[in-house]
Each structure stands twice: as structure tokens, then as C-alpha cells.
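Chemist: The following comprises the amino acid sequence and a computationally predicted model.
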Amino acid sequence: MTEQTVVATHYWHALTEDRVQCDLCPRLCKIKAGQQGLCFVRANIDNQVKLTTYGRSSGFSIDPIEKKPLNHFLPGTPILSFGTAGCNLTCKFCQNWDMSKAREMDVLADHASPELIARAAKELGCSSVAYTYNDPIIFLEYAVDVAAACREVGIKSVAVTAGYICEEPRERFFSAMDAANVDLKAFSESFYKKLCGGQLQPVLDTLLYIKHETDVWLELTTLLIPGHNDSDRELHQMTAWVVDKLGPDVPMHFTAFHPTWKMLDVPPTPSATLTRARQIAMENGVRYAYTGNVHDKAGESTYCHQCGEMLIGRDWYELSDWQLTEAGCCQSCGAECAGVFAKKAGDWGGRRMPVILSQYR
């Protein structure tokens with residue numbers, strides 16, 4: 001580790017002369033001298049919790065913003081995406097396990113300062129930067145500094161996160177963000193405990209905070225895993241809670257599980273399960289419910305909650321229709337579509353373009 005990658009953090013306190021407690025997330029890791037927390041990137045160095053991956057990334061690419069997934073935040077625009085290594089949950093079904101479960105610094109190939117990332121995003125024509133692939137909460141200091149540099153040049157910041165964070169750092173982290181897609185992995189404490197090594201309630205607290213205490217645009221994603229979190233009962237409970245506590249305008253994405261990591265014995269999610277989840281959500285008052293990780297034009301598209309007209313047509317990540325006014329309203333009936341929209345649709349399409357940031361130094 002070099003001096004450039006190791007930085008002091010704020011959220012911790014000393015327990016003894018050689019043990020500290022990290023107060024970033026509800027795990028509250030108690031870390032001995034020279035050891036790392038469960039997330040792998042926050043370590044006890046000189047009896048302080050320090051971030052060991054500041055300025056280092058597992059790689060950069062330009063994605064369609066719909067891939068985050070965000071369907072109501074600058075649709076059709078390109079977003080510069082990056083992550084680091086590690087995670088503060090232990091999800092057995094992790095779809096990005098090669099990065100989030102990484103324990104080797106070798107995966108962190110790219111060195112990039114916050115200013116370099118902001119400059120590259122601007123030069124590449126990206127509207128925003130995504131902190132993704134692994135959970136940005138664990139590299140909070142780096143993410144917050146990148147977001148500040150991006151704001152200086154008019155670039156938005158998007159967090160793709162599980163929302164597993166304590167109250168004080170939560171305020172600092174989300175004050176730097178413009179939009180977030182939060183994984184609501186299930187609606188039961190047993191699921192979080194058995195399959196994620198965490199708790200549900202802190203995630204619900206984060207959702208309530210984002211929606212009611214910030215201006216961050218919020219969307220939710222639930223990866224539906226056959227036999228684990230896809231029952232009608234749980235879907236009804238989850239979607240009813242969202243409408244009651246967050247409101248009907250928070251988009252929900254129900255995405256398909258594919259066997260991976262430590263759940264190779266579980267079958268892929270049938271498309272019918274996603275369609276059923278979407279229908280339950282709409283029956284309970286969710287105005288914008290989507291299917292993902294499958295080809296489903298109807299489930300991918302956005303419809304007016306008042307008249308039912310298609311507002312934004314999607315075919316995978318390609319936009320096919322755009323029936324919004326410049327003010328973000330339905331052209332047919334004038335009802336407002338919740339979200340953050342430009343005056344016209346972006347045209348990035350479904351491309352994914354790897355980026356080598358050293359070209360922008």
C-alpha cells in the first residue's frame with residue numbers, strides 16, 4: 001500500500017490500545033492492529049481505521065444509465081462507472097462477486113484522483129458518474145471526494161448501493177449524491193441474516209432518510225431469487241411498505257437472478273415471476289414498476305400513471321419512444337412523470353465502453 005491509497009477516515013473509535021471499532025456500517029467491526037474489517041478495505045493502521053483503496057479502482061467504463069438501473073434519472077445518457085474492491089455484506093447470490101468479494105489488491109488496476117475522474121467524465125460527454133460494481137459506502141471518503149470534484153464541473157453522482165450504513169456517515173455520503181439505486185434485497189430479517197450477513201431495518205432506515213431528508217432521486221432494485229424472496233406474501237408486504245412509507249412515485253425494479261457465487265444450485269428466475277412481482281407492485285399503488293435482466297419491452301418501459309400511455313419505450317437499454325414534454329409531463333394528458341429529465345432523451349443506447357483514465361491525465 002502506498003501513501004496515496006491509505007487515508008484517514010472519520011467513523012470509528014478506539015476500544016483498546018490495539019483494537020478499534022469501525023462505525024461506518026451496522027457491522028461495527030472490531031479490528032485488531034494490522035487487520036481489516038469484513039469489507040476488506042478499512043483497516044486498523046496505527047490504531048486508527050483507515051481506507052486502504054483511496055484513488056484505486058477495479059476499472060472504468062461508460063454504461064447506459066438504465067443499467068444501474070435508473071429509469072427516471074436522465075434517461076438515455078451515458079454514465080462513467082467504477083468501483084473498487086470488497087463489500088460490507090456477504091450476499092451468497094452476489095452478481096459482482098469477482099469485485100465485491102475480492103481480497104486481492106491486484107484487482108485494483110486503475111489509479112485515479114477525484115479531479116481526474118471528473119475531468120474524464122466531462123471530456124467523455126457523460127452526464128454523471130456511478131459508484132457501482134461494489135458498494136461505494138465502504139469507500140465513502142473516495143466517493144465523496146469524487147462527487148465534490150464532479151459537482152465543480154457540472155457532473156452528477158449516482159450511488160448504486162445496498163444502503164447498509166450508520167446514521168452519521170449516511171448523512172455525509174448521501175449529501176454528495178444526486179441519485180441512488182438502493183438494493184432492497186428482500187423484506188424479511190431472516191433473508192438478510194441468512195443470505196446477506198446483515199439486517200433489514202438499517203436498509204429501511206436508509207430508504208426513509210433518502211426519501212424524506214434529502215433531494216436525492218431514489219429508485220429501488222430487488223433481485224428475485226426463486227424460493228427465497230419471491231412469494232406473493234413478501235412482495236405484497238414490500239410493495240405496500242414502499243407506497244406507504246416512501247410514496248407511489250419511487251420506481252421499483254424486479255430483476256432476474258442467475259446462478260452464481262455460492263448459490264449455483266438455485267435455478268434462474270422465470271420471467272413470469274418478474275411479471276407477477278411487477279403486477280403486485282402496481283396493484284399496491286407503485287406507479288413505476290419494472291422488470292430487469294430479461295428481455296421484456298412492456299416491463300422495461302415507462303407508462304403514464306394517469307392515462308396509461310407509454311412515455312418512454314425501452315428495448316433492453318435502447319430508448320424507442322419519448323412522449324414526455326420538456327417539463328417531464330405526459331404529452332397525452334399532461335400528468336407529471338416523477339423523475340429527473342432532460343429536455344430531450346439521451347441517445348447513448350446500450351453501448352458499454354471501457355475507459356483507460358490515464359489518457360486523460
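Modeler: Arrived safely. Numbers count the residues shown, from 1 in each chain.
Chemist: From residue 12, how far out is residue 48?
Modeler: Distance, residue 48 to residue 12, by C-beta to C-beta, to the nearest Å: 7 Å. The C-beta positions use only the backbone N, C-alpha and C, and glycine is treated the same way.
Chemist: Not counting sequence-adjacent ones, nearest residue to residue 218?
Modeler: Counting by C-beta to C-beta, 6 or more residues apart in numbering, residue 218 lies nearest to residue 210, which is 5.1 Å off, once chain neighbours are set aside.
Chemist: and the one you found, helix, strand or coil?
Modeler: When classified by DSSP: H, G, I helix; E, B strand; the rest coil, residue 210 comes out as helix.
Chemist: Residue 219 is in contact with that one, correct?
Modeler: No - look at residue 210 against residue 219 with C-beta atoms under 8 Å: they stay out of range, at 10.4 Å.
Chemist: list residues touching both of those two?
Modeler: Counting by C-beta atoms under 8 Å, 6 or more residues apart in numbering, the contacts common to residue 210 and residue 219 are 180, 182.
Chemist: what's the span of stretch 16-28 from first residue to last?
Modeler: 15 Å (C-alpha to C-alpha, to the nearest Å).
Chemist: Please identify the buried residues of it?
Modeler: Buried positions in stretch 16-28, judged by neighbour count with 16 or more other C-beta atoms under 10 Å: 20-27.
Chemist: got it, and stretch 244-254?
Modeler: In stretch 244-254, counting by 16+ other C-beta under 10 Å, buried: 246, 248-254.
Chemist: ok, so of those residues, who is nearest residue 61?
Modeler: residue 253 (20.3 Å; C-beta to C-beta).
Chemist: give me every residue that touches that closest one.
Modeler: 69, 71, 181, 219-222, 290-292.
Chemist: Could you list the low-confidence segments of this structure?
Modeler: 1-4, 97-109 (pLDDT under 70).
Chemist: the domain parsing of it - what is it?
Modeler: 7-51, 57-295+335-360 (automatic domain parsing).
Chemist: Can you name the two of the buried residues of stretch 16-28 that sit furthest apart?
Modeler: The widest separation within the buried residues of stretch 16-28 (C-beta to C-beta) is 16.5 Å, between 20 and 26.
Chemist: how about the strands in the stretch 151-300 of the chain?
Modeler: 156-161, 179-183, 217-224, 252-256, 289-292 (DSSP state E, counting those that start in this stretch).
Chemist: Against which helices or strands is the third one packed?
Modeler: Of the remaining helices and strands, those touching strand 217-224 by 3 or more C-beta pairs under 8 Å, 6 or more residues apart in numbering; DSSP states H and E are strand 179-183, helix 201-213, strand 252-256, helix 271-283.
Chemist: circling back to that earlier point, which one among the buried residues of stretch 16-28 gets closest to residue 277?
Modeler: For the buried residues of stretch 16-28, the nearest to residue 277 is residue 26 (27.0 Å; C-beta to C-beta).
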